Structures are given as C-alpha cells and as structure tokens.
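A.B. asks: Here is the input, now give the coordinates:
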Amino acid sequence: MKHDCRLYLVTPPAIADLNAFCDDFARALDAGDVACIQLRLKSPEGVAAGDDEVLRAAEALLPIARDHDAAFLINDRPDLALKSGADGVHVGQSDASCKKARVLLGDDATVGVTCHNSKHLALEAGEAGADYVAFGAFFPTKTKEAPTQADPALLEWWSYATTLPCVAIGGITPENCAPLVRAGADFLAVSGAVWSHPEGPAAAVKAFAKAIADA
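C.D. replies: Okay, here's the model as predicted:
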C-alpha cells in the first residue's frame with residue numbers, strides 16, 4: 001500500500017506586506033493539498049518577531065487556513081497560540097516543553113516537537129504527548145540555522161517502530177523530496193521552496209503534489 005504524505009507549509013521568516021501575502025497564501029492553499037500551516041516569523045539567526053506582529057499575522061491568516069480545512073499552528077509560543085485561537089503550537093528543544101504546551105492548550109490542541117536527528121528526543125516527545133515529531137534538516141536550508149543533519153533512514157526506522165506521525169524538514173524541494181516520501185515521512189515541511197518559487201507559491205504547491213504522487 002502506498003504511503004500517504006502531505007504538505008506542511010511554514011510561512012516565510014518575515015512578511016513585509018501582510019495584505020499581499022494573504023493573497024499568495026490563499027492561492028497556495030487553493031493549489032493543492034496542504035494539511036497544516038505553521039506561522040513562523042523568525043529570522044535565520046533565531047530573532048523572533050514581536051508578539052503584536054505574530055498576532056496580527058495570525059488574525060489575517062487563520063481564517064484562510066480554516067476555509068481550506070488546514071490546521072494552523074504557531075511556532076515556539078503556546079501562549080500566543082492560545083491568544084490567537086490557533087489549532088496548536090510547534091515547539092523546539094529550547095522552547096516551552098511539550099508538557100507545558102499541552103497543559104496550557106488542552107487535549108484537543110496539536111502540539112508538535114522538533115527532534116533534530118534524534119530517536120531519543122523523538123521518543124521522549126512521544127511519551128510527553130506530542131501529536132507529531134519533526135526530523136531534520138535533510139538538506140541545506142536558508143530558512144534557519146540547522147544544528148543537525150538527518151538521514152532518510154531515520155524516517156524509515158521511525159515509521160517502522162512507531163505510529164506517531166513524523167514531519168521531515170529542511171531544504172525540501174519538489175526535486176529532492178521523493179526519498180523522504182518513500183522513507184515514510186507523513187508530512188513534508190516546506191517554506192523557501194514555496195514562497196521563493198520562480199512561478200509563485202501556487203505553482204510550487206502543485207509541483208510538490210506531483211512529486212509526492214510520483215514518489
């Protein structure tokens with residue numbers, strides 16, 4: 001049976017014109033299957049946008065995500081996820097813990113955890129109640145400074161050993177994603193390959209859909 005893999009869209013690290021971006025965002029979601037959006041306003045060096053900027057972006061983007069039946073998560077900040085009405089939060093190893101996020105957001109929220117290239121961290125996240133774990137970076141990326149490099153074999157092992165969904169992240173493009181799909185990634189987290197696509201975000205989503213189907 002062919003493995004199902006879906007797109008997990010991460011926003012650009014900065015949004016200069018929110019109104020214009022909303023149009024691009026809607027067109028991207030119209031173009032194909034996007035399971036989840038993560039609002040991540042954070043520079044490659046790790047400098048996060050202010051709370052008001054994050055909340056303004058969430059207020060504009062969340063209704064569009066809901067119209068497309070896509071989950072909407074906030075990066076790093078369970079408190080802003082709660083305040084914005086988002087569906088959940090994605091936390092890193094240096095952010096609020098999975099357990100604290102769960103206590104704040106409740107059982108129905110989605111809580112995902114960055115686990116780099118570590119089986120141990122991923123198993124701990126699962127035990128702490130994470131809804132998914134994210135592994136990476138699988139390829140070089142300009143979106144953030146990736147502390148670790150992951151191998152598709154990790155996805156194969158995880159998919160065999162557990163039922164907890166896994167997200168592959170880091171420099172993923174339509175051209176290089178097939179091995180990750182075949183290895184068992186449940187979701188491909190993508191950012192630059194969509195927002196910087198020469199033909200626009202909608203064309204990128206269509207290209208990913210074809211690449212996933214052909215993998």
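A.B. asks: State which helix of this protein is the longest.
C.D. replies: Looking across the chain with DSSP state H, the single longest helix is helix 51-67.
A.B. asks: Counting by contacts, list what that one packs against.
C.D. replies: The contact analysis (3 or more Cβ pairs under 8 Å, 6 or more residues apart in numbering; DSSP states H and E) places helix 51-67 against helix 18-30, strand 34-39, strand 71-75, helix 78-84. (C-beta placed from N, C-alpha, C; glycine too.)
A.B. asks: So which elements touch the helix or strand following the last one?
C.D. replies: Translated: helix 78-84. Sequence-wise, the next helix or strand downstream of helix 78-84 (DSSP states H and E) is strand 88-91. Contacting strand 88-91 under the criterion 3+ Cβ pairs under 8 Å, 6+ apart are the following elements: strand 71-75, helix 78-84, helix 98-105, strand 110-114.
A.B. asks: Give me the distance from strand 88-91 to the chain's centre.
C.D. replies: Remark: strand 88-91 is offset 9 Å from the chain centroid, using Cα atoms, centre = their mean, to the nearest Å.
A.B. asks: can you check stretch 40-55 too?
C.D. replies: On the basis of Cα atoms, centre = their mean, stretch 40-55 sits 15 Å off its chain's mean C-alpha point.
A.B. asks: can you check stretch 85-98 too?
C.D. replies: On Cα atoms, centre = their mean, the centre of stretch 85-98 falls 12 Å from that of its chain.
A.B. asks: cool, and stretch 9-29?
C.D. replies: 15 Å.
A.B. asks: which stretches of the protein aren't confidently modelled?
C.D. replies: Applying pLDDT under 70 to the chain flags the ranges 1-2.
A.B. asks: Recalculate using a threshold of 90.
C.D. replies: By pLDDT under 90, the low-scoring segments of the chain are 1-3, 43-46, 94-96, 140-148.
A.B. asks: okay if I get the helices and strands packed on helix 51-67 as TSV plus distance to I172 and mean neighbour count?
C.D. replies: As requested, the helices and strands packed on helix 51-67 are exported to TSV (distance: least, Cβ to Cβ, whole Å; neighbours: other Cβ atoms under 10 Å):
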stretch	distance to I172	mean neighbour count
helix 18-30	15	16
strand 34-39	14	24
strand 71-75	17	24
helix 78-84	24	20
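A.B. asks: Tell me which of these sits nearest to E199.
C.D. replies: Closest of the helices and strands packed on helix 51-67 to E199 is helix 18-30, at 11.4 Å (criterion: Cβ to Cβ).
A.B. asks: How about L7, nearest residue that isn't a chain neighbour?
C.D. replies: V34 (4.9 Å; Cβ to Cβ, 6 or more residues apart in numbering).
A.B. asks: Which of the helices and strands packed on strand 88-91 sits closest to P140?
C.D. replies: strand 110-114 (17.4 Å).
A.B. asks: And the closest one, what does it pack against?
C.D. replies: Using 3+ Cβ pairs under 8 Å, 6+ apart, the elements in contact with strand 110-114 are strand 71-75, strand 88-91, helix 98-105, helix 119-127, strand 132-136.
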